[in-house]
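# pasting a predicted model and its sequence here:
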Amino acid sequence: MKLFDVFHLLQTDLKEMDHEIEVSGLTSDSRKVKQGYLFIAIAGFENDGHKYIEEAIKNGAIAVIGEKRLLLSVPYIQVRNSRKTLGKLASIFYSHPSKKHRLIGITGTNGKTTTAYLIHHLLKEAGFSCGMIGTVENKINNHTKKAKNTTPDAVEIQSLLDESMDDFIILEISSHALHQHRTEGLQLDIAVFTNLTHDHMDYHHTIEEYYNEKKKIFSLLKEEGVGLVNIEDTWGEKIAREQVHHKIKTIGTAGDYDLQLTVKDARYQLKLTSVERESIVAESPLPGKHNLYNTAIAIAACLEAGISKEVITQGLKNFRGVPGRWEKFHNRKGAVFIIDYAHTEDALRYLLQTAKENSAKKIYMVFGFRGKRDKSKRVKMVKVASTYCQQFILTSDDINGESKSVVEEELYHLIPPYNNGEVMMDRTLAIKTMWEKGGSGDWVFIIGKGSENYQDIFHLQTKNDIETIHYLIECEKDEGC
Ligand SMILES: CC(=O)N[C@H]1[C@@H](OP(=O)(O)OP(=O)(O)OC[C@H]2O[C@@H](n3ccc(=O)[nH]c3=O)[C@H](O)[C@@H]2O)O[C@H](CO)[C@@H](O)[C@@H]1O[C@H](C)C(=O)N[C@@H](C)C(=O)N[C@H](CCC(=O)O)C(=O)O
Ligand SMILES: Nc1ncnc2c1ncn2[C@@H]1O[C@H](COP(=O)(O)OP(=O)(O)OP(=O)(O)O)[C@@H](O)[C@H]1O
């Protein structure tokens, strides 16, 4: 990308500029700037990138873009929205790599990762190479890379798409990413909406604001692209109705569906029937009604991608699950332990109802809350836990820079209306307590972190919930620890 073209695109002409100067890279992080880079200053949530312009120049930036009126030693362009400009330029810099692939974008409060894994698996079963960008990991050309955000920043997305030789790429698209223009320049073949429930009110403030960001996913659709919407969700119904400029296919058990979802039996066999009366019968490989919806929409996406019904039904049978979602273990007494990433009231309810449907005797739960995130959902989550559980323990999650004592105090404040809850800050000891308590036929949920590593070192010195459970299983073999 030539620097002159950047200026031209942003309608700023520098008459004396050498037309041949190449931009060697672009970033909004001064610490990543190298010789020949373009630095885009972003006024962020924690920091102001404009403060780091001098550092960026020292590191080799040959030009800067920002939102303030500034006079610099290198060419500078003032724009109205740095994040949007970064997104646009990132796509241009990498020569619009989204055109090389078929892209499937997934948004929704819950179910993005699960649906992404299901689609990824089925596309691979059909013989396609398939990349994935999301919360747990980024998979490109069959290699796994660490993921920092659910949706990376615009430069990372475009660079991953550029690097990828995969036929398909599945992207989890968060509302934060849509709001912050991380998705600028993406051209989706399929856009999936799973659901919208209470979350992220620390960021979006109202559910309507949150909804308005989520629905932007459809503006990323190619002209011939298709939106798939779960209308079992009331916000899904609204979103589908509002998309007059795009081809939308709705999935639901009743109402204005294009694909009718029928639940065949309690073990979650499902049937999807199109208006043309074509149908597919398949088994959801993961338990719970929530996973039935995830499976249904994943099937719809795969049908849209041209995968045969036979490959889909067969492929679902070999699905190995999703890291940190509904991972099941047993203690010696026969209690079921589920490690899961649930962190909304809605997700908790689905989990607990699934335990009930499976005739759980007593239900127990261990969970906490991520620091500096939506606090308004906590009361609702604790209420659900108290309603369904014999006993629950509130414990540490990732405190995310908050003070430990403040977090602890907040947990204690949540307990008083209920007599079946307690606080135990050491997460591993909280899990151990429930491990020892769970008897035959009981179900114990350890939720909120899934496969994510702890930020703290706890008493058992394990790295994450899965390791803690393995530790406890080994202890049982050795007759106690
Ligand atoms: C609140 C929020 O969303 N922040 C995101 C945002 O950060 P920001 O741009 O505001 O960054 P900032 O720290 O204020 O810094 C401002 C600018 O100064 C620059 N800087 C800073 C320091 C320095 O020395 N030099 C420098 O140039 C920074 O690079 C940045 O460009 O843009 C960054 C790049 O895209 C994101 O990584 C970052 O996500 C943070 C880490 C985060 O935790 N975000 C969460 C809330 C989030 O995005 N979550 C969703 C998933 C939600 C879900 O569904 O569960 C996600 O997509 O991950
Ligand atoms: N369709 C669904 N509806 C409600 N809850 C769900 C659904 N699918 C999954 N869940 C619950 O939400 C948890 C997180 O699921 P998943 O990781 O698939 O969602 P996500 O949208 O990717 O979440 P995040 O954005 O936080 O990573 C699961 O562990 C499960 O408890």
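Looks like it came in fine. From a predicted model like this one, the values you see are computed outputs, not experimental measurements. Numbers count the residues shown, from 1 in each chain. Ligands and ions are numbered 1, 2, ... in the order given.

# distance of the closest residue to Ala342 other than its chain neighbours from ligand 2?
The shortest distance from Ala342 to any non-neighbouring residue, by Cβ to Cβ, 6 or more residues apart in numbering, is to Ile447 (4.7 Å). Glycine gets a C-beta too; all of them are placed from N, C-alpha and C. Ile447 sits 7 Å away from ligand 2 when distances are taken as Cβ to the nearest ligand atom, to the nearest Å.

# you'd agree Asn141 is up against Met165?
Yes: using Cβ atoms under 8 Å, Asn141 is in contact with Met165, at 5.5 Å.

# what's the overlap in contacts for those two?
With contacts taken as Cβ atoms under 8 Å, 6 or more residues apart in numbering, the residues that reach both Asn141 and Met165 are Ser129.

# quick check: longest strand in the chain by residues?
As assigned by DSSP state E, the longest strand anywhere in the chain is strand 221-230.

# show me where the stretch 1-150 of the chain has its helices.
Using DSSP state H, counting those that start in this stretch, the helices of the stretch 1-150 of the chain run over residues 3-9, 53-58, 82-93, 112-125.

# all helices for the stretch 251-400 of the chain, in order.
Remark: helices assigned in the stretch 251-400 of the chain by DSSP H, counting those that start in this stretch are 289-304, 309-317, 345-357, 376-388.

# contact residues of the stretch 301-450 of the chain facing ligand 2?
Contacts of the stretch 301-450 of the chain with ligand 2, taken as Cβ under 6 Å from any ligand atom, map to Arg325, Asp340, Tyr341, Ala342, Asp346, Ala347, Tyr350, Leu351.

# what's across from the second one in the sheet?
Here Asp340 sits in beta bridges with Ile447, as judged by DSSP bridges.

# how close does Lys449 sit to Gln391?
Separation of Lys449 from Gln391 (Cβ to Cβ, to the nearest Å): 20 Å.

# could you check which of these two is surrounded by more residues?
Each of Lys449 and Gln391 has its neighbours counted (other Cβ atoms under 10 Å); Lys449 has more, 24 against 20.

# quick check: that one touching Asp465?
Yes: between Lys449 and Asp465 there is a contact at 5.4 Å, judged by Cβ under 8 Å.

# give me the distance between stretch 446-464 and the centre of its chain.
Distance of stretch 446-464 from the chain centroid (Cα atoms, centre = their mean, to the nearest Å) equals 19 Å.

# can you list contacts of it?
The contact list for stretch 446-464 (Cβ under 8 Å, 6+ apart) reads 136, 323-325, 327, 337-343, 348, 351, 365-370, 396-400, 426-429, 431-432, 434, 465-466, 468-471.

# make it 7 Å
When contacts are defined by Cβ atoms under 7 Å, 6 or more residues apart in numbering, stretch 446-464 is touched by residues 136, 323-325, 337, 339-343, 365-368, 396-399, 426-429, 431-432, 465-466, 468, 471.

# buried set for it?
Buried residues in stretch 446-464, defined by neighbour count with 16 or more other Cβ atoms under 10 Å: Ile446, Ile447, Gly448, Lys449, Gly450, Ser451, Glu452, Tyr454, Phe458, Leu460, Thr462, Asn464.

# out of these, which are inside strands?
Counting by DSSP E, the buried residues of stretch 446-464 place Ile446, Ile447 in strands.

# what residues does the chain put near ligand 1?
Neighbours of ligand 1 within the chain, by Cβ under 6 Å from any ligand atom: 28-31, 42, 44-47, 49, 52, 149-151, 153, 174, 176-177, 180, 182.

# among those, which ones lie close to ligand 2?
The overlap between the residues of the chain next to ligand 1 and the neighbours of ligand 2 (Cβ under 6 Å from any ligand atom) comes to Thr150.

# among the residues of the chain next to ligand 1, which ones are buried?
Buried positions within the residues of the chain next to ligand 1, assessed by neighbour count (16+ other Cβ under 10 Å), are 28, 30, 42, 49, 52, 149-151, 153, 174, 176-177, 180, 182.

# deepest-packed of the helices of the stretch 1-150 of the chain, please.
Counting by mean count of other Cβ atoms under 10 Å, helix 112-125 has the highest mean neighbour count of the helices of the stretch 1-150 of the chain, with a mean of 24.

# report whether that helix contacts ligand 2.
Yes: judged by Cβ under 6 Å from any ligand atom, helix 112-125 comes into contact with ligand 2 at Lys112, Thr113, Thr114.

# pLDDT for these - can I get that in CSV?
Shown next, in CSV, are the residues of helix 112-125 next to ligand 2 (pLDDT from 0 to 100):
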residue, pLDDT
Lys112, 97
Thr113, 97
Thr114, 97
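
# let me have the residues you listed in CSV, extended by distance to Lys383.
Formatted as CSV, those follow (distance: Cβ to Cβ, whole Å):
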residue, distance to Lys383
Lys112, 25
Thr113, 26
Thr114, 25
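
# nearest to ligand 1: which residue in the stretch 1-150 of the chain?
Using Cβ to the nearest ligand atom, the single residue of the stretch 1-150 of the chain nearest to ligand 1 is Gly44, 2.3 Å away.

# and that residue, how far from Gly131?
Relative to Gly131, Gly44 is positioned 28 Å away (Cβ to Cβ).

# and what of Leu261?
The gap separating Leu261 from Gly131 is 28 Å, by Cβ to Cβ.

# check Gln78 too.
Going from Gln78 to Gly131 by Cβ to Cβ gives 36 Å.
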